[in-house]
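Undergrad: Coordinates for the following, if possible.
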Amino acid sequence: MAVTDPAPVALPAPLDGAAREASACDSAVHEGILRRQSARESAARTYARSLPIVPVRARGLTIEGADGRRYLDCLSGAGTLALGHNHPVVLEAIRKVLDSGAPLHVLDLATPVKDAFTTELFRTLPPGLADRARIQFCGPAGTDAVEAALKLVRTATGRSGLLAFTGAYHGMTAGALEASGGAQDVRVTRLPYPQDYRCPFGIGGARGAELAARWTESLLDDTKSGVPRPAGMILEPVQGEGGVNPAPDTWLRRMRAITEKRSIPLIADEVQTGVGRTGAFWAVDHSGVVPDVMVLSKAVGGSLPLAVVVYHEDLDVWSPGAHAGTFRGNQLAMAAGAATLAHVRENRLDQHAADLGDRILGQLEQSAKEFAIVGDVRGRGLMIGIEIVDPEGEATGPAAADAEDAEDTAGDPLLGGPSPSPLPAAPAFAAAVRDACLDRGLIVELGGRHSSVVRLLPPLTLTDEQAAAVVDRLTDALAAVSRAAHCS
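TA: Numbering: from 1, shown residues only. As a prediction, this is how the structure comes out:
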């Protein structure tokens, strides 16, 4: 299994006099670039605010900043870098196109590079979709592919409403924001997304997921619900920005059955979960669900901008030009994407992500018992989240069932046992953990409802040695913040 990464995992050794002088010069360059960025770029910038580094070189898991420091990158371009930074197969694919003299911009014309990408992509699609699939190349961002998917199902069904879920994130353009959890004035019906730690019904587990499914059925079948039959349902098999919430496989199968029975197209947003990230090539593969539409971006472009919508041919009723985009023919991204897809498939990196992710989750769950600020550890494959809470806060949700009730209901998976009572989210502690990680040479970011979930999205090429270094640094950061929280 090709998961090696020659980049070292250790931080730089102490510097001698000459090296210190050079380091001071590097630091001045570093600070100057950050100062000019702050003065010139918009107030909307995000990652640059919490990660004050200036990357100048990168390989695999490792980034080197302009100040000479090395970092283990567990952000991976928000999941874009399935193979890490500058993987040899990606660089080779890009160089091959550059050296061939092929056009770099072709709008939506057919090219050998596009044909190779589409062939490789279709080879990986869930059975039941690949043989009858169509593909629409969109603008280079995932949010544009979401817009195309919503436009597609509205055109195909003649309906306008949408079903989406609490905690969702589908992009930053207007239509994608409508379907996301922070939407305001929208045409979207919001449904409960099942989760254990902060279950919307205060129950969690199989019973919470069952109630979420029943609520969906009731809303669609109740003639007085105020929800007419929608154009489609869009969901993430694992919510990423929503706090790393994996959907139960049984619930996903219920959503497929509910939508299929009512002729509602099901859209799976695999922008962040796709290409092996969750331990299967596509996150829907865990449940065996075949959606009508799949929205793909990030890793599908092999680190370069690319976004596509793949959908069942029965939906292919829109007119020429119904969705377009000047940069939908990115040849370098298609070459890099085809190389990435093939490398993940041939080397079973999805299985590697499943195995290594399980081990990391187990280690973090064990370590979390020592830290009162950790409320929950969850994830799937190499998509992992640690929810940070206020140990001094008051638990929310219904009180735990008493021992007699728990005994009476223990044998029924839908009645379950004690109800979870989560502690309040602690965004300040979470930010402190992120900063402590950066001090230790580890790049992580935050997500979740209150930006209180520390997220790990390492490349699928992560080795056992690197995983151990990531867990060690993260655990040390959690310990430092826990001590500070205890003393405050």
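
Undergrad: which ones are touching L382?
TA: Taking C-beta atoms under 8 Å, 6 or more residues apart in numbering as the contact definition, L382 lies against 277-279, 353, 356-357, 360, 456-460, 462. C-beta here means a position set from N, CA and C on the backbone, and glycine is covered the same way.

Undergrad: Can you find the helix or strand in this structure with the smallest mean pLDDT?
TA: Within the chain, confidence by mean pLDDT, DSSP states H and E is lowest for helix 403-409 among all helices and strands, at a mean of 42.

Undergrad: Going along the chain, name the strands of the stretch 151-300 of the chain.
TA: Assignment of strands within the stretch 151-300 of the chain using DSSP state E, counting those that start in this stretch yields the ranges 162-165, 188-191, 232-235, 238-239, 245-246, 266-269, 293-296.

Undergrad: Give me the distance between G226 and S452.
TA: When C-beta to C-beta, to the nearest Å is the yardstick, G226 and S452 sit 33 Å from each other.

Undergrad: more crowded one of these two?
TA: Neighbours per residue, other C-beta atoms under 10 Å: of G226 and S452, the larger number sits with S452, 26 against 8.

Undergrad: Spatially, which residue comes closest to that one, not counting chain neighbours?
TA: With C-beta to C-beta, 6 or more residues apart in numbering as the measure, A425 is the residue that lies nearest to S452, at 3.8 Å, once sequence neighbours are left out.

Undergrad: need the contact list for that neighbour.
TA: A425 makes contact with G375, E387, I388, V389, D390, G448, R449, H450, S452, according to C-beta under 8 Å, 6+ apart.

Undergrad: just these: which has the poorest pLDDT?
TA: Per-residue confidence over those reaches its minimum at R449, where pLDDT is 87.

Undergrad: Could you check which helix or strand contains it?
TA: Assigned by DSSP states H and E, R449 falls within no helix or strand.

Undergrad: before we move on, what about the one 5 residues further on?
TA: Take DSSP H and E as the rule and V454 turns out to sit in strand 453-456.

Undergrad: which other helices and strands contact that strand?
TA: The elements that strand 453-456 packs onto, with contact taken as 3 or more C-beta pairs under 8 Å, 6 or more residues apart in numbering; DSSP states H and E, are strand 383-388, helix 427-439, strand 445-447, helix 464-487.

Undergrad: let's see 6 Å
TA: Taking 3 or more C-beta pairs under 6 Å, 6 or more residues apart in numbering; DSSP states H and E as contact, the helices and strands that strand 453-456 lies on are strand 383-388, strand 445-447.

Undergrad: from those, which stretch is densest packed?
TA: strand 383-388 (a mean of 28; mean count of other C-beta atoms under 10 Å).

Undergrad: what pairs with it, and is each one parallel or antiparallel?
TA: Next to strand 383-388 in the sheet, as set by DSSP bridges, lie strand 374-380 (antiparallel), strand 453-456 (antiparallel).

Undergrad: The residue nearest to A480 when sequence neighbours are not counted and E120, how far apart?
TA: Spatial nearest neighbour of A480, excluding adjacent residues (C-beta to C-beta, 6+ apart): A436 at 5.1 Å. Applying C-beta to C-beta, the value for A436 to E120 is 41 Å.

Undergrad: State the helix or strand in which I360 lies.
TA: Counting by DSSP H and E, I360 is part of helix 349-368.

Undergrad: I135 falls within a strand, correct?
TA: Yes: with DSSP: H, G, I helix; E, B strand; the rest coil as the criterion, I135 is located in a strand.

Undergrad: Which residues are in contact with it?
TA: By C-beta atoms under 6 Å, 6 or more residues apart in numbering, the contact set of I135 is V308, V310.

Undergrad: What's opposite it in the beta bridge?
TA: Counting by DSSP bridges, I135 is bridged to V310.

Undergrad: could we number from 41 for the rest of this?
TA: Okay, residue one is now 41; in that scheme the one you just asked about reads as I175.

Undergrad: Am I right that I93 is in contact with A106?
TA: No: judged on C-beta atoms under 6 Å, I93 makes no contact with A106 at a distance of 8.0 Å.

Undergrad: End to end on stretch 381-394, go ahead and measure it.
TA: The distance separating the two terminal residues of stretch 381-394, taken as C-alpha to C-alpha, to the nearest Å, comes to 17 Å.

Undergrad: who's more crowded, A476 and E160?
TA: Neighbours of A476 and E160, each counted by other C-beta under 10 Å, are more numerous for A476; the result is 20 against 17.

Undergrad: any idea which element the closest residue to A156 other than its chain neighbours lies in?
TA: When the adjacent residues along the chain are set aside, A156 lies closest to A378, with 5.1 Å between them (C-beta to C-beta, 6+ apart). The secondary structure element spanning A378 is helix 371-386 (assigned by DSSP H and E).

Undergrad: Now do that helix: which elements does it pack against?
TA: In this structure, helix 371-386 packs against helix 128-140, helix 152-164, with contacts taken as 3+ C-beta pairs under 6 Å, 6+ apart.

Undergrad: just those: most buried one?
TA: helix 152-164 comes out most buried of the helices and strands packed on helix 371-386 by mean count of other C-beta under 10 Å, with a mean of 18.

Undergrad: Show me what that helix is packed against.
TA: Under the contact definition 3+ C-beta pairs under 6 Å, 6+ apart, helix 152-164 sits against helix 371-386.

Undergrad: now the closest residue to Y237 other than its chain neighbours: how far from L169?
TA: With C-beta to C-beta, 6+ apart as the criterion, Y237 has its nearest non-adjacent residue at 4.1 Å, and that residue is D416. Taking C-beta to C-beta as the measure, D416 falls 33 Å from L169.
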